[in-house]
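# Predicted coordinates and the sequence they were generated for:
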Amino acid sequence: MLDQLRDLPIERWHYKGDAAPHIGPMAQDFAAAFRVGDDDRVIYTVDAQGVALAAIQALAAEVAELRSQVARLS
């Protein structure tokens, strides 16, 4: 999960006819990386939140392992 998230291109973009800038992945890239949702033209918020929560869990596990290694080496 973290490798896919790290490699996911993040872009600045505008909706057609909207001057407000946005930042995030393109829906097609998100769909290819995580294979969620039923349309590669939309990123559903539940999927984006799920990916974010899974990434947080993966990072927490890595931090715990690194802390354990540091404690053993100290």
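Ah, there it is.
# pLDDT value on the residue nearest the centre of the chain, please?
Closest to where the C-alpha atoms of the chain average out (C-alpha atoms, centre = their mean) is residue 5, at 4.4 Å. We have a pLDDT of 96 for residue 5.
# Equivalent analysis for residue 1, please.
89.
# so who does it touch?
When the contact criterion is C-beta atoms under 8 Å, 6 or more residues apart in numbering, the partners of residue 1 are 51, 54, 55, 58. (C-beta placed from N, C-alpha, C; glycine too.)
# show me where the protein has helices.
Here the chain has its helices, by DSSP state H, at 2-7, 27-34, 45-73.
# Could you give the average pLDDT over stretch 54-65?
98.
# Please look at residue 30 and residue 8 and confirm they touch.
Yes. Between residue 30 and residue 8 there is a contact under C-beta atoms under 8 Å: 6.9 Å.
# re earlier: might one say that the residue nearest to the centre of the chain is in contact with residue 51?
Yes. Using C-beta under 8 Å, residue 5 makes contact with residue 51 at a distance of 6.7 Å.
# Relative to residue 69, how far out is the closest residue to residue 40 other than its chain neighbours?
Nearest non-adjacent residue to residue 40, counting by C-beta to C-beta, 6 or more residues apart in numbering: residue 31, 3.8 Å away. To residue 69, residue 31 is 36 Å away according to C-beta to C-beta, to the nearest Å.
# Comparing these two, which residue is more hemmed in?
residue 31 (19 against 10; other C-beta atoms under 10 Å).
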